[in-house]
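Asker: Sharing a model that was predicted from the sequence below.
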There are 2 protein chains.
Amino acid sequence: MTQDAFSKTLITTASDQVFVDMRREIVEGSIEQGSKISEPELAKRYGVSRATLREALNRLESCYLIERKANVGCRVVALTAERLIEVYQVRSALEGLACRLAADNMAADEVQSLKQLLNQHLQTQRVKEGESYYQEAGDLDFHYRIIKASKNEHLIHLLSNGLYQLIRMYRVQMGMVGPRVSKAFDEHLAIINAIENHDGELAELLMKRHISASQSNIQAKFDRYQSM
Amino acid sequence: MTQDAFSKTLITTASDQVFVDMRREIVEGSIEQGSKISEPELAKRYGVSRATLREALNRLESCYLIERKANVGCRVVALTAERLIEVYQVRSALEGLACRLAADNMAADEVQSLKQLLNQHLQTQRVKEGESYYQEAGDLDFHYRIIKASKNEHLIHLLSNGLYQLIRMYRVQMGMVGPRVSKAFDEHLAIINAIENHDGELAELLMKRHISASQSNIQAKFDRYQSM
DNA sequence: TTCTTTAAGATTGTCGACAATTTGTGGTTA
DNA sequence: TAACCACAAATTGTCGACAATCTTAAAGAA
């Protein structure tokens, strides 16, 4: 899988490595959602001490991938329909804000670069039809750039380090890969235009609508998944 | 100081205690903003091992009160004008959402209870004029109830455990105590009315405006503080 | 049988010590 | 003088072991 912009984490220490590895395994489902986590077992598996593992667990907790209870232990987050709605409500508000700020702040060359990304994205799409990871990474990169362009460090952190891994987890495990391609492209284009015109209000509205559509899409998959 | 609803944390372990204690000291300024944190020193001061202290530091990091760099250490967050703006932009978006959801979800008796809180709040205000903590706690409780009424657990967690301690830190250390009392009361009342009428759109707008006013207020204090 | 109690097992919380890395200081060289 | 390097001190990262707590399963009472 090609790595998306959200997943790039500077790895310095052993616990960084464990954190990144576990994050990937949880998001991709290798470590099953809702399952209990045994500290001794995982420490052995990653070849580190429990202290190091616990450091990683702490960080996984702050990005909402695991939940802890004192004297009881950790559990991987469970993907429920309710949580999906909650997360997307929050995402909509935050990314709407990011998009409005981006419309205010983004320089002309940044907008051009974003347009270029979108075109490139479309090309890849046509050539590699069916290979979903490119699209997934592409979509994420688009959102990432806009979030970055908000220039609001707190907001950037909240979305990149906090929310997006959980969103990815839903998308990956629901098998969100193909269908919404061309439609999402048009929506992205409309958002860029609003940003280019520095129309923050419109940009925010379009982004919220875009995310709302994404939510409906994933929710439909979720319902199908549930009824199997 | 009377404790506000946001600060109530269930204390089970030693690191819970250290976490709550340090949080209070950082918010109130006993541990100076921007100062470096020495793990051995603080561990000794709280009478716990470094492992326990580090557990607490991890949690302080996830509520944005300290910042860590690998192999370098922790530093208490620095209260800057830029960060204040960033935090309030995020707060406005999230609490606006919370308020809209509350307007959709809140039951009649919950609304009554909220009205009652506001009245009680006003009484206390008149009696204890000058004693600022009541007001501070009262205002926070008002916001807390609305956030809770959103019924969105993710949003609740994001605001209560994530953002509000940092907001409190600004308010406490800037000495936000007295002046905006009666005006804030009217704004609170208008918000309740919108919620009672289940007018989510209006409730969101009013809450955002209320927070925006709060921001201007605190920012003015900040500028005065800076120029001293 | 069903509910409560109790004890054994397993898991998490905490500790002190060691290893790895960074920081500060002093000396050397251009 | 200024820049660079080397070394020492201090700090953070990591480890294995012990203490406190929870879970489970067996034994006993209603």
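Answerer: Thanks, I have it. Residues are numbered from 1 along each chain as shown, chains lettered A, B, ... in the order given.
Asker: Pull the number of nearby residues for the residue in chain A positioned nearest to DNA strand D.
Answerer: For chain A and DNA strand D, the shortest gap (CB to the nearest atom of the strand) falls at A:Ala14, measuring 2.8 Å. Every residue, glycine included, has its C-beta placed from N, CA and C. The local packing count at A:Ala14 equals 17, with neighbours defined by other CB atoms under 10 Å in any protein chain shown.
Asker: list the contacts for it?
Answerer: With contacts taken as CB atoms under 8 Å, 6 or more residues apart in numbering or on different chains, A:Ala14 has the following neighbours: A:Val48, A:Thr52.
Asker: Any figure for the gap between it and A:Ala56?
Answerer: Taking CB to CB, to the nearest Å as the criterion, A:Ala14 is separated from A:Ala56 by 9 Å.
Asker: Identify the contacts common to these two.
Answerer: When CB under 8 Å, 6+ apart defines a contact, no residue borders A:Ala14 and A:Ala56 alike.
Asker: How about the residues of chain A by DNA strand D?
Answerer: If contacts are counted using CB under 7 Å from any atom of the strand, the residues of chain A sitting beside DNA strand D are A:Thr13, A:Ala14, A:Ser15, A:Gly47, A:Val48, A:Ser49, A:Arg50, A:Ala51, A:Thr52, A:Glu55, A:Asn71, A:Val72.
Asker: which of those are buried?
Answerer: Applying 16 or more other CB atoms under 10 Å in any protein chain shown to those, the neighbour count classes A:Ala14, A:Ser15, A:Val48, A:Thr52, A:Glu55 as buried.
Asker: Tell me which of these fall in helices.
Answerer: Mapping these onto helices (DSSP state H) picks out A:Ala14, A:Ser15, A:Thr52, A:Glu55.
Asker: Columns pLDDT and distance to B:Leu84 on top of those residues, output as TSV?
Answerer: Written out in TSV, the entries for these read as follows (pLDDT from 0 to 100; distance: CB to CB, whole Å):
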residue	pLDDT	distance to B:Leu84
A:Ala14	97	36
A:Ser15	97	32
A:Thr52	98	36
A:Glu55	98	31
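Asker: Can you name the residues bridging to the residue nearest to A:Ser38 when sequence neighbours are not counted?
Answerer: In space, A:Ser38 comes closest to A:Gly73 once its chain neighbours are excluded; the distance is 7.6 Å by CB to CB, 6 or more residues apart in numbering or on different chains. Under DSSP bridges, the beta-bridge partners of A:Gly73 are A:Lys69.
Asker: Skip the chain neighbours and tell me the closest residue to the residue nearest the centre of chain A.
Answerer: Computing the C-alpha centroid of chain A and ranking residues by CA atoms, centre = their mean puts A:Tyr164 first, at 2.8 Å. In space, and not counting its chain neighbours, A:Tyr164 is closest to A:Phe6: 4.6 Å by CB to CB, 6+ apart.
Asker: residues making contact with the lowest-mean-pLDDT helix or strand in chain A?
Answerer: Ranked by mean pLDDT, DSSP states H and E, the weakest helix or strand in chain A is helix A:132-149, scoring a mean of 81. Applying CB under 8 Å, 6+ apart, the external contacts of helix A:132-149 come out as A:1-6, A:95, A:98-99, A:101-102, A:105-106, A:110, A:113-114, A:117-118, A:121, A:124-125, A:128, A:155-156, A:159-160, A:164, A:168, A:171-172, A:176-178, A:181, A:184, A:188, A:191, A:195, A:207.
Asker: List the buried residues in it.
Answerer: Within helix A:132-149, the residues that qualify as buried are A:132, A:134-149, counting by 16+ other CB under 10 Å.
Asker: how about the residues of chain A near DNA strand C?
Answerer: If contacts are counted using CB under 7 Å from any atom of the strand, the residues of chain A sitting beside DNA strand C are A:37-40, A:50-51, A:54, A:68, A:70-74.
Asker: quick one: which helix or strand includes the residue with the largest distance to the centre of chain A?
Answerer: Counting by CA atoms, centre = their mean, the extreme residue of chain A relative to its mean C-alpha position is A:Asn71, 30.7 Å from that point. When secondary structure is defined using DSSP states H and E, no element contains A:Asn71, which sits outside every helix and strand.
Asker: show me what contacts it?
Answerer: Taking CB under 8 Å, 6+ apart, one finds B:Thr12, B:Thr13 in contact with A:Asn71.
Asker: Let me see the confidence value for it.
Answerer: If you check A:Asn71, the pLDDT there is 95.
Asker: any chance you could map the helices in chain A?
Answerer: With DSSP H as the criterion, chain A has helices spanning A:14-28, A:39-46, A:50-62, A:81-105, A:108-127, A:132-149, A:153-157, A:164-173, A:181-196, A:200-226.
Asker: Tabulate those in CSV, adding columns for distance to B:Ala81.
Answerer: Rendered in CSV, the data for these read as follows (distance: least, CB to CB, whole Å):
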stretch, distance to B:Ala81
helix A:14-28, 32
helix A:39-46, 43
helix A:50-62, 26
helix A:81-105, 17
helix A:108-127, 25
helix A:132-149, 21
helix A:153-157, 13
helix A:164-173, 28
helix A:181-196, 26
helix A:200-226, 22
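Asker: Out of these, flag the one nearest B:Arg23.
Answerer: helix A:50-62 (15.2 Å; CB to CB).
Asker: number of nearby residues for A:Gln123?
Answerer: Residues near A:Gln123, counting by other CB under 10 Å: 10.
Asker: so what's it up against?
Answerer: Going by CB under 8 Å, 6+ apart, the list of residues near A:Gln123 is empty.
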